[in-house]
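Undergrad: Quick one: sequence and predicted model below, then my questions.
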Amino acid sequence: MNSIRQVPTRVKSRRTEANLGAEREHFDKQQLSSISKAINSTETPVKEKHARRIILGTHREKGAYTFWSYALGFPLASSSILSWKFCHVLHKVLRDGHRNVLQDCMRHHSSLVEVGKLWGNLHDKYGQLVALYTRLLCTKLEFHVKHSEIPPNLEVTDEVLERTAGTDINNVFQLTVEVFDYMDAELRLAETVLRQLNTSIAISTLTSGQCRLSPLIQVIQDCSHLYHFTVKLLFKLHACLPADTLQGHRERFHDQFHSLKTFFNKARDMMYFKRLIQIPKLPDSPPNFLHAASLAKHVKPVVVIPDEDEPEQQDDDDDEPEPLIEVSDVSTSSLQVQPQQLDIFDQTFGPPNGGFDDRDLQIESLKRDLELLRAELDRVKQEAQRYITQLKSQINSLEAELEEQRAQKQRALVENEQLRMELEATRRRNAEHESLQTTFIEAEKRAQATEQRYNKLKEKHTELVASHAELLRKSADTVKMLSVTQQTQEEVERTKQQLSFEIDRIKQESDMRLEEQKFEMEKLKRELEEKMAEVTHMKASLQSSETTSLQMSSSMTALQAEKERLMRSVSEKEAELSSLRQSAQVQQSSLQQERERSSRELGELQGKLQEKAGQEEQLKQKLLEEQFALLQGTVTEAENIIQDAVAKLDDPLHVRCTSSPDYLISRAEATLGSIDKVKKGHADYLSNMGDAGGLLRALTQFSHLAADTIINGSATAHMAPTDHADRLTENCRGCATQSLQYLKDLKSKTTLQRADPASIRIIVQKILHLGQDLRPKSMDVRQDELGDLVDKEMAATSAAIEEAVRRIDEMMNQARKDTTGVKLEVNERILNSCTDLMKAIRMLVIASTDLQKEIVESGRGAATIKEFYARNSRWTEGLISAAKAVGWGATEMVESADKVVLHTGKYEELIVCSHEIAASTAQLVAASKVKADRNSKRLPVLQQASRHVNEMAAKVVASTKTGQEHLEDKDTMDFSGMSLIKLRKEEMESQVKVLELESQLENERLRLGELRKKHYDLAGVPPEQVPEGNGETPLLPHPVTMSPKPTKPALMKKPALAQKPNIPPKTSFK
């Protein structure tokens, strides 16, 4: 388990240009062998030699390109053990590989996330570990990409950590939270592994247990550094922030401390870790961050990986690795030294003379013991010397660290003093800000009180105006009553004059009649005197004259009574007229008094109104000034927002930020809409400068959207071609410049009138066009066309079905007039089944439309309906195609039914139309339910409607076949009069006709197959997926890949199903 720092540097031999290709091929072969042996589905730990070769390969090619090119080919979705060992190797490569490995791995961040999600949803022990391990690796990648000063092995000095945290306390706070999250991911993985294993010695020595435990060595190395980082950062936070603010941080650290200590203790007790790693011991209690002196007691935990003395066994099928160091000379010299040491006694004193006695044997044994003791003594001395050297180096490092701590303490004191001064200045500024805020609140309250008084005065003025109007109405009513009284008096006078005229006329008539009677009497007297002789003859005339006089006297009596009645009525009218005159005089006097009182009150109210008008004018002026001050404050804040966005364009950290052209287009369109609102708010403010609310809201929205457009435009430029990126960045800066100029014009009263955001609109439109140019061609779909096309096609389908029902009703009425008997019965049965089918299709279209609306409402989120259709263009095109097919099928069925009823068509055409319309409705159902929720209440309604359509289609086919059988004339076959030769001849002719029909049938089937192949070719389906034969409409399979890297499907062109296909007419055989 040695790290790359403990591997000696390879001795590179001289290579010529001729063998560079061979060396590259040998390197690729060696890497492939190491990767395939390290990452497999066998439940054994990863061998160190294979991992070491992979790590050395990253240093040789200065990146992890070769590793990822081979690793992406592994079926990670098929084996959880394979995914676990892949994560282990990737962790080791991140820690000990080349520094460019981090960027290469970050390109495959999404693949890691997908693998983790896949195994996290499955109930598998290794799958749960893979999900946690991928989450840890993603957290590690994101942390080190964000903080590039800290390498993935976390081995940095305290100065680098201080420089990474910076002097801004907010950055220190955020970095502490990120380290906490990092530690949580490490501990969560370790706890899950230990929970799945029995911590006994037997389990930890098995290969299955070691397969799970081997990645925890890297987790222990990471956790020791992260623990040290957390302690340092928390002490720095407690030196700058109050203790109550950091209560949550302390509690979270205590939980992590106890979990880490438990993890280290359990790992230390396992036999597997005892020969591979020396795990440090943590203190009994966590550091006391409330006491600054506790930092001196903190000791950084150090993890030691001991050297492996035993050489690793070489597999039989392993390739011979390149020699790391030359060991031939060393081994030869070491072997030569040993015999020289054994023969030193003989070289000094020479060989003995004669044989050996007991003393010689004792001397020889003692000499051998002495040599062994001397060798042991030398080894002990060397070991002691090595320990002394190590202790001296540790003492030196501790002294250097002590000096560094002292310097850091001095710097911390200086920084603490500076921070204290900054805190005092901040407190003073906060106090000033609070006083200004209080003043502003009081001003707002005074403005509100003034506005309330103004509203009350306005209400009082309204009441006075209303009362004045009421008085004017009363005066008008009184004048009207007086005029009515005068008119009544004039009418009485006219009536009196008419009555007097009538009386004079009656008197004249009566006088004239009396004179006439007197004249008659005189005339009669003269006649009586003249004609005394004729007395008898004139008696009758005399009697008549008497009768006439009696009548005249009765008429005079009646006229006298009428005259008395008229006189009484005149006297009554005169009495009424006098009473009316008295009441009119009383009302006129009261009206005059009311007018005088109203004029006095009106004068007083006009004086008060003029006074209030002056106060109102002052309040209006003050309101205008306050509104303009609010406008200036809003403009200043908007300038700060846009300036901050422009500053991010030159920020080196912003270079890593990227954005998509689609998001840039949405931001640019929103900015154009906000520009319209700003223009409208500006016009409203110029027309009514007492109300700047609309302009303030529009400016706030515009500043945020414009800043968002500038930032996302720059982020999009980071991934765009050079030409587009330069133009996009230039337009973003131009947008910021024009926006600041427009806001500057709004701040001054002199330039407020001529401020115009037209230049901003032009630049934002340029950014929008550049974003549209950068969009992928497959996404270049107009939202309004696609969204409107769905509604148009569904409406057209409904209209086609309604028209089909109407035409079938007309055909039914016409058939009842023209046909009778069996033909009428057959036609009615066929048309009724067609009507039922059309009604079922109409219910299906309604259910599909309802389900489609539910899908759009549940899936579009904050986007509009048209944006949802554009985002799901493939599904939308399928829906449009299905709707077209249903509408065309309904039209064709009506035409076929019309031909069948008129006996100009064939029953087979109606059957084929029924099958076609059933297939079209099935396509519509599939396109509608593909995005539907399983728990949707409208989905069963759609499925029930689909089943009903199939039943009605089958009913149409059945009724058509039944009618065809009823109407066909089946002639009886009488062969009794034929001879044997004649029968044989007829039999041969019948066989010839059968063969001709079979040949034609086979040709038509081949032609139908070619037509379907061409149809699928136009629809974008490869010919291999088109089934042979003339079966039902095939289902298009969707390929499913288990690769962790998703592939983007190509956009297929949909066929124009709404058009009538070119179906050749069938040949009829007689």
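TA: On my side now, so go ahead.
Undergrad: And residue 83, how far from residue 189?
TA: Distance of residue 83 to residue 189, computed by Cβ to Cβ, to the nearest Å: 14 Å. No exception for glycine: its C-beta is placed from N, CA and C like everyone else's.
Undergrad: more crowded one of the two?
TA: The residue with more neighbours, out of residue 83 and residue 189, is residue 83; 28 against 21, by other Cβ atoms under 10 Å.
Undergrad: check which helix or strand covers the more buried one.
TA: Residue 83 is part of helix 80-96, with elements assigned from DSSP states H and E.
Undergrad: what helices or strands is that helix leaning on?
TA: Here helix 80-96 touches helix 20-38, helix 48-61, helix 65-71, helix 101-106, helix 109-120, helix 125-146, helix 207-213, helix 216-240, going by 3 or more Cβ pairs under 8 Å, 6 or more residues apart in numbering; DSSP states H and E.
Undergrad: how about a cut-off of 6 Å?
TA: helix 125-146 (3 or more Cβ pairs under 6 Å, 6 or more residues apart in numbering; DSSP states H and E).
Undergrad: when you compare where the following helix or strand past the helix it packs on runs with where helix 216-240 runs, what's the angle?
TA: Counting by DSSP H and E, the next helix or strand C-terminal to helix 125-146 is helix 158-165. With axes from the mean of the first three to the mean of the last three Cα atoms, to 10 degrees applied, the angle from helix 158-165 to helix 216-240 works out at 70 degrees.
Undergrad: I would like the residues contacting helix 158-165, please.
TA: 147, 149, 172, 175 (Cβ atoms under 6 Å, 6 or more residues apart in numbering).
Undergrad: Check stretch 171-188 too.
TA: Contact with stretch 171-188 is made by 132, 135-136, 139, 143, 165, 219, 222-223, 226, 229-230, 233, 236-237, 252, 256, 259, as judged by Cβ under 6 Å, 6+ apart.
Undergrad: Excluding residues flanking it in the chain, which one is nearest residue 481?
TA: Spatially, and ignoring its direct neighbours in sequence, residue 481 is nearest to residue 587 (6.6 Å; Cβ to Cβ, 6 or more residues apart in numbering).
Undergrad: what does residue 886 give?
TA: Closest residue to residue 886 apart from its sequence neighbours, by Cβ to Cβ, 6+ apart: residue 920 at 4.7 Å.
Undergrad: ok but that neighbour is inside a strand, no?
TA: No: according to DSSP: H, G, I helix; E, B strand; the rest coil, residue 920 belongs to no strand; its state is helix.
Undergrad: Burial check on it, number of neighbours?
TA: 25.
Undergrad: cool, and residue 459?
TA: Residues near residue 459, counting by other Cβ under 10 Å, number 10.
Undergrad: List the buried residues in stretch 113-133.
TA: Residues of stretch 113-133 classed as buried: 114-116, 118-119, 126-133 (neighbour count, 16 or more other Cβ atoms under 10 Å).
Undergrad: Over to the residue lying closest to residue 224 once chain neighbours are set aside. Which of the three states is it?
TA: Leaving aside its sequence neighbours, residue 224 sits nearest to residue 301 (Cβ to Cβ, 6+ apart; 4.4 Å). Following three-state DSSP, residue 301 is assigned to coil.
Undergrad: Helices along the stretch 901-1050 of the chain, start to end?
TA: 907-929, 938-967, 980-1019 (DSSP state H, counting those that start in this stretch).
Undergrad: The second one: how far from the chain's middle?
TA: Taking the mean of its C-alpha atoms, helix 938-967 sits 42 Å from the chain's own mean (Cα atoms, centre = their mean, to the nearest Å).
Undergrad: Which secondary structure elements does whichever helix or strand the residue nearest to residue 481 is part of sit against?
TA: Taking DSSP H and E as the definition, one finds residue 587 inside helix 535-649. With contacts taken as 3+ Cβ pairs under 6 Å, 6+ apart, helix 535-649 sits against helix 358-530, helix 693-717, helix 722-747.
Undergrad: Which one, of those, ends up nearest to residue 999?
TA: Set against residue 999 and scored by Cβ to Cβ, the helices and strands packed on helix 535-649 come closest in helix 722-747, at 62.9 Å.
Undergrad: and the helix or strand following that closest one with helix 722-747, angle?
TA: Once helix 722-747 ends, the next helix or strand along the chain (criterion: DSSP H and E) is helix 758-774. Angle of helix 758-774 versus helix 722-747, following the same axes, to 10 degrees, is 160 degrees.
Undergrad: and the next element down the chain from helix 758-774?
TA: helix 783-818.
Undergrad: quick check: mean pLDDT across the very next helix or strand once past that following helix?
TA: Per DSSP H and E, the first helix or strand lying C-terminal to helix 783-818 is helix 821-859. Regarding helix 821-859, the rounded mean pLDDT is 79.
Undergrad: same check, this time on stretch 593-603
TA: 80.
Undergrad: gap between that stretch and the chain center?
TA: Per Cα atoms, centre = their mean, the centroid offset for stretch 593-603 relative to its chain is 69 Å.
Undergrad: List the contacts of that stretch.
TA: Contacts with stretch 593-603, where a contact means Cβ under 6 Å, 6+ apart, come from residue 471.
Undergrad: again, only this time at 8 Å
TA: 468, 471, 474, 475 (Cβ atoms under 8 Å, 6 or more residues apart in numbering).
Undergrad: Show me which parts of it are buried, residue by residue.
TA: Neighbour-count burial for stretch 593-603 flags residue 598 (criterion: 16+ other Cβ under 10 Å).
Undergrad: CA atoms only: put that stretch into CSV for me.
TA: Coordinates of each C-alpha in stretch 593-603 appear next as CSV, following Å, rounded to 0.1, in the frame of the first residue of the first chain:
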residue,chain,number,x,y,z
GLN,A,593,-83.2,81.1,3.3
GLU,A,594,-81.6,77.9,2.3
ARG,A,595,-79.8,79.6,-0.6
GLU,A,596,-78.4,82.3,1.7
ARG,A,597,-77.2,79.6,4.2
SER,A,598,-75.7,77.5,1.4
SER,A,599,-73.9,80.5,-0.1
ARG,A,600,-72.4,81.3,3.3
GLU,A,601,-71.2,77.7,3.9
LEU,A,602,-69.9,77.5,0.3
GLY,A,603,-67.8,80.6,0.9
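Undergrad: What residue, apart from its backbone neighbours, is nearest residue 101 spatially?
TA: Distances taken as Cβ to Cβ, 6+ apart put residue 64 closest to residue 101, at 4.4 Å, once the chain neighbours are dropped.
Undergrad: neighbours of the one you found, just the number please.
TA: By the other Cβ under 10 Å criterion, the neighbourhood of residue 64 contains 26 residues.
Undergrad: Next: the one 10 residues further on.
TA: For residue 74, the number of neighbouring residues by other Cβ under 10 Å comes to 20.
Undergrad: same thing with the one 5 residues further on?
TA: Residues within reach of residue 79, counting by other Cβ under 10 Å, total 17.
Undergrad: next one: phi and psi at it?
TA: When read as degrees, to the nearest 10, the backbone of residue 79 gives phi -140, psi 120.
Undergrad: who's in contact with it?
TA: Counted by Cβ under 8 Å, 6+ apart, residue 79 has contacts residue 41.
Undergrad: Over to the one 4 residues further on?
TA: Counting by Cβ under 8 Å, 6+ apart, residue 83 touches 76, 77, 115, 119, 126, 127, 130.
Undergrad: next one: residue 904
TA: Under the criterion of Cβ under 8 Å, 6+ apart, residue 904 has no neighbours.
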